[in-house]
Each structure stands twice: as structure tokens, then as C-alpha cells.
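Colleague: Okay, sequence plus prediction incoming.
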Amino acid sequence: KTRITLQFYDAGGRGLLREQDIENYIYNLIPDLPPLQTMHENFYPFYVFTATRRFMFFLDGKRAGRVSIKKLVRSRVMEELLELGMAG
């Protein structure tokens, strides 16, 4: 399910997400994550920036500015983000 959702953010259709694509994904995911639902909307950009930078730091080792969807789905970082959906 996550892989299919991420493909909607892949503008180039190459199985890769740019930093901006990951930001959009996380921003749209916030309302579905119970621990973040009480976060004030003014704080969203800060949360999205921090979370996206974490993805890029751990998954974009070559600093190419993009990460493969396959790598994202299998990552511990994505697992931790999605665990927020199970909390609450």
C-alpha cells in the first residue's frame, strides 16, 4: 500500500522521489498519523522539513537529491514514520 501511495508522488515515473516529493508525501500523511493530529498546522512545515531531511540523510547516500521508492519502502526510517499511524 505504501509503495502504491508513493508512486503518486513520483512525477517522473521513474521510481524515484525527489526531496520535494517526500515533503509532499509527509505533509499529506500528517492527518492520518494519530500522534501528529493534535499538532498545530503552523508547525507542519517544520515537522515536514525535519522528517524529510532525516529520509534524505539516511537514504540518499550519494547526495543525488532523490531516493528510490523501493529503498524508501524497505527503510527503517519509513517504518518508524508509519509506526506513528499505529500509535494512539
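Modeller: Yes, it's here.
Colleague: Going by C-alpha atoms from here, please, whenever you check contacts or count neighbours.
Modeller: Noted.
Colleague: residues of stretch 46-58 that come out buried?
Modeller: Tyr47, Val48, Phe49, Ala51, Thr52, Arg53, Phe55, Met56 (16 or more other C-alpha atoms under 10 Å).
Colleague: Tell me the spacing between the third one and Ile4.
Modeller: Going back to what we said before, that points to Phe49. 23 Å (C-alpha to C-alpha, to the nearest Å).
Colleague: Just the ones in helices from the buried residues of stretch 46-58, please.
Modeller: Under the assignment DSSP state H, these contribute Tyr47, Val48, Phe49, Ala51, Thr52, Arg53, Phe55, Met56 to helices.
Colleague: Just to check, the fifth one is in contact with Ile22?
Modeller: This points to Thr52. Yes. Thr52 lies in contact with Ile22 (C-alpha atoms under 8 Å); the separation is 6.2 Å.
Colleague: which residues touch the closest residue to Phe55 other than its chain neighbours?
Modeller: Spatial nearest neighbour of Phe55, excluding adjacent residues (C-alpha to C-alpha, 6 or more residues apart in numbering): Val77 at 6.5 Å. Val77 sits next to Arg54, Phe55, Phe58 when contact means C-alpha atoms under 8 Å, 6 or more residues apart in numbering.
Colleague: For those, could you give me a markdown table that also reports pLDDT and distance to Arg18?
Modeller: Converted to a markdown table, these look like this (pLDDT from 0 to 100; distance: C-alpha to C-alpha, whole Å):
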| residue | pLDDT | distance to Arg18 |
| --- | --- | --- |
| Arg54 | 96 | 13 |
| Phe55 | 97 | 11 |
| Phe58 | 96 | 14 |
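Colleague: got these as JSON lines, with distance to Pro31 columns?
Modeller: Formatted as JSON lines, the contacts of Val77 follow (distance: C-alpha to C-alpha, whole Å):
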{"residue": "Arg54", "distance to Pro31": "20"}
{"residue": "Phe55", "distance to Pro31": "19"}
{"residue": "Phe58", "distance to Pro31": "24"}
